[in-house]
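K.L.:
got a sequence here, can you model it:
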Amino acid sequence: MNQDFSLEPFKKYIYIAITILLIILIGIGINASIESKNQAAWTAFDQAKTSEDLTKVFAEHKNSIAGAWIGFSLANKLYSEGKIAQAGKIFREVAEMDKNYLTPYAMHGCADSLKSLGKETEANKYIERIKKDFKNSVPAKLLTKS
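P.N.:
Numbers count the residues shown, from 1 in each chain. Have a look, this model is predicted:
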């Protein structure tokens, strides 16, 4: 009983299976890498005590998923310390980084910073943009009431 068995008819399916497996493995590797970087960012954020510490953490991790949140926290801390110009710069950076949830909050921070610096006209541009582009956000609703 000597039968020749050939993989030739299955070659195409074997290549497809191997390709799918490689794509899955690469995806798992990329996801693990992103999660690792994100965890490192949150850990560094948790350990930061001062605005100087937060500035370093933000610089090191601004490209992580946590980066926008770290920057937003830094900007708020700087603002509360009276470092208005620095806070405004970070708020603007965060608004450009995060095009989702944080954007109207960061833009509101920009507006507050500009108002505190006596730049009412520039501040109003941010306020109008929040009302127009993020009309369903909490900052827009609060601005509409006032």
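
K.L.:
helices or strands up against the helix or strand of the chain at the bottom of the mean pLDDT ranking?
P.N.:
Lowest mean confidence among the helices and strands of the chain (mean pLDDT, DSSP states H and E): helix 11-47, at a mean of 81. If you count contacts as 3 or more CB pairs under 8 Å, 6 or more residues apart in numbering; DSSP states H and E, helix 11-47 packs onto helix 51-61, helix 67-80. (C-beta placed from N, C-alpha, C; glycine too.)

K.L.:
name the residues that touch the longest one?
P.N.:
For helix 67-80, the surrounding residues in contact (CB atoms under 8 Å, 6 or more residues apart in numbering) are 41, 45, 51, 54-55, 57-58, 61-62, 84, 86-88, 90-91, 93-94, 97-98, 102, 105-106, 109, 112-113.

K.L.:
ok so, going back, winner for burial among the helices and strands packed on helix 11-47?
P.N.:
The highest average neighbour count among the helices and strands packed on helix 11-47, using mean count of other CB atoms under 10 Å, belongs to helix 67-80 at a mean of 22.

K.L.:
just the angle between it and helix 51-61, please?
P.N.:
On the basis of axes from the mean of the first three to the mean of the last three CA atoms, to 10 degrees, helix 67-80 is oriented at 160 degrees to helix 51-61.
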